[in-house]
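Undergrad: Give me the fold of what follows.
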Amino acid sequence: MNYIANIDDQEFAIEIISESRVTINGEAHEINFEAIGGALTYSLLVDGKSYEANIYQENGGWEVLMRGVRYSVLVDDERERLLRAAAGASPTQQGPYHLQAPMPGLVVEIPVHEGQEVEEGDVLLILESMKMQNELKSPRAGVVSQVLVAQKENVEQRQRLLSVG
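TA: Numbers count the residues shown, from 1 in each chain. Presented below is the predicted three-dimensional model:
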């Protein structure tokens, strides 16, 4: 099965060869991917290197939090992408973006305020979880339309934190 993943404006061609082997942009990799602890935390081994990631669906795509960095990922099945291109549609997200907590934690800082214009990649909120501070960034440009939490507030996983329209 072939997929195209868009991560921070970079495109990756992914082919799943078997349960333990994939190619990414033509380069072969040995992998192992398993859920650990909760349903959203995963262990990923790529060519013998170990990674831990929190992965969940949001706004029609996937959000991946790994090593304190959050990635917005859009994954297209190659066949669906060709059909959409033939119909003249694009995979762009529309409507407001709702930032949700990828895990329970403490709001350390909110460097934005309602009405503020933000660019793609701007830090919207810093969340501390498991003694790590995670910068949650905007996946696109827009205006902060709502801030629903306050600094030093404890939040639950998937709780809506703020919105960018």
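
Undergrad: What is the burial count for Ser129?
TA: 19 (other CB atoms under 10 Å). Heads up, the C-betas are built off the backbone N, CA and C, glycines and all.

Undergrad: measure it to Arg70 for me?
TA: From Ser129 over to Arg70 the distance is 12 Å, taken as CB to CB, to the nearest Å.

Undergrad: for Arg160, same thing?
TA: Computed with CB to CB, the distance linking Arg160 and Arg70 is 15 Å.

Undergrad: next one: Gly26
TA: Gly26 is 27 Å from Arg70, by CB to CB.

Undergrad: which of these two has more neighbours?
TA: It is Arg70, of Gly26 and Arg70, that has more neighbours when counted by other CB under 10 Å, with 19 against 7.

Undergrad: wait, what's in contact with that one?
TA: Arg70 makes contact with 63-64, 102, 134-137 under the criterion CB atoms under 8 Å, 6 or more residues apart in numbering.

Undergrad: Just the buried subset of those residues, written out for ChimeraX, thanks.
TA: A single ChimeraX command selects the buried members of the contacts of Arg70 (16 or more other CB atoms under 10 Å):
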select :63,64,102,134,135,136,137
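
Undergrad: quick check, nearest of the contacts of Arg70 to Gly48?
TA: Val64 (20.3 Å; CB to CB).

Undergrad: Mind listing the residues bridging to that closest one?
TA: Beta-bridge pairing for Val64 (DSSP bridges): Ile55, Tyr71.

Undergrad: any idea which helix or strand comes after the worst-scoring helix or strand of the chain on mean pLDDT?
TA: Ranking every helix and strand in the chain by mean pLDDT, DSSP states H and E puts helix 78-87 at the bottom, with a mean of 62. Downstream of helix 78-87, the next assigned helix or strand under DSSP states H and E is strand 97-100.

Undergrad: strands paired with that following strand, and their directions?
TA: Going by DSSP bridges, the partners of strand 97-100 are strand 160-164 (antiparallel).

Undergrad: per-residue pLDDT, Ser90?
TA: Looking at Ser90, its pLDDT reads 48.
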